[in-house]
Structures are given as structure tokens and as C-alpha cells.
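> Provide a 3D model corresponding to the input given below.
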Amino acid sequence: MILFFGTRPGKPVTKNLFHSTCPYCQQKGTLTAFTQKNYFHIFWIKLFKISSTATVECSHCKRGYYEHEFTEEMKADLEN
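Alright, predicted model coming up:
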């Protein structure tokens, strides 16, 4: 019997952070969050989530932020 299993990424989710300020250029409402979840699958059927990564990018200065660089304001806006 052949068993196909592994991991694969899910669909990316995009969310605008209207209430957050960019720490670099101080522009408010220019941040966009991108979230990507990775799933374990058997026969290309997603079973459970393994990990999740999030990044934030400012559309004004094009600066990117990883999860460990998020400010408290970004974290609160991302959860809501």
C-alpha cells in the first residue's frame, strides 16, 4: 500500500492593520499583515495545523517586520 503524507502550506490570509503605526516611518494605517499556516496532510487532505508564520509590511516605506519584531500595538490590532 502506498501512503502519501507530508506538509503543505495553506492559503495566505491578508489583513490591513488600520489602527497601528509603523515604527520606522511613523505612518498610521499603512501596515498589512500576511499570515501563512502549514498543515500536516495524508493523501492531500489537511489533518491539523503544524505551524503559523506572520509578517507585517508597511505600504509607505516598504519595511517588513517578522513576528519577533511586532510592537504591542501590532499584536493587539492583529488579534482583533
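> show me the strands in the protein, by range?
5-9, 13-17, 31-42, 45-58, 64-66 (DSSP state E).
> tell me which of those strands is the most buried.
With neighbours defined as mean count of other Cβ atoms under 10 Å, those peak in mean count at strand 31-42, which reaches a mean of 16. For every residue, glycine as well, the C-beta is placed using N, CA and C.
> helices and strands around that strand, which ones?
strand 5-9, strand 13-17, strand 45-58, helix 72-79 (3 or more Cβ pairs under 8 Å, 6 or more residues apart in numbering; DSSP states H and E).
> to residue 27, which of those lies closest?
strand 45-58 (6.8 Å; Cβ to Cβ).
> contacting residues around that closest one?
Contacts to strand 45-58, defined as Cβ atoms under 8 Å, 6 or more residues apart in numbering, come from residues 7-8, 10, 17, 22, 24-25, 27, 30-41, 63-67, 70, 74, 78.
> in this structure, which residue is most central in space?
In the chain, the centroid-proximal residue (Cα atoms, centre = their mean) is residue 35; its distance is 2.0 Å.
> and the gap between that one and residue 8?
Distance of residue 35 to residue 8, given as Cβ to Cβ, to the nearest Å: 16 Å.
> what does residue 60 give?
34 Å.
> for the closest residue to residue 25 other than its chain neighbours, what are its contacts?
Nearest non-adjacent residue to residue 25, counting by Cβ to Cβ, 6 or more residues apart in numbering: residue 61, 4.0 Å away. By Cβ under 8 Å, 6+ apart, the contact list for residue 61 reads 22, 24-25, 27, 30.
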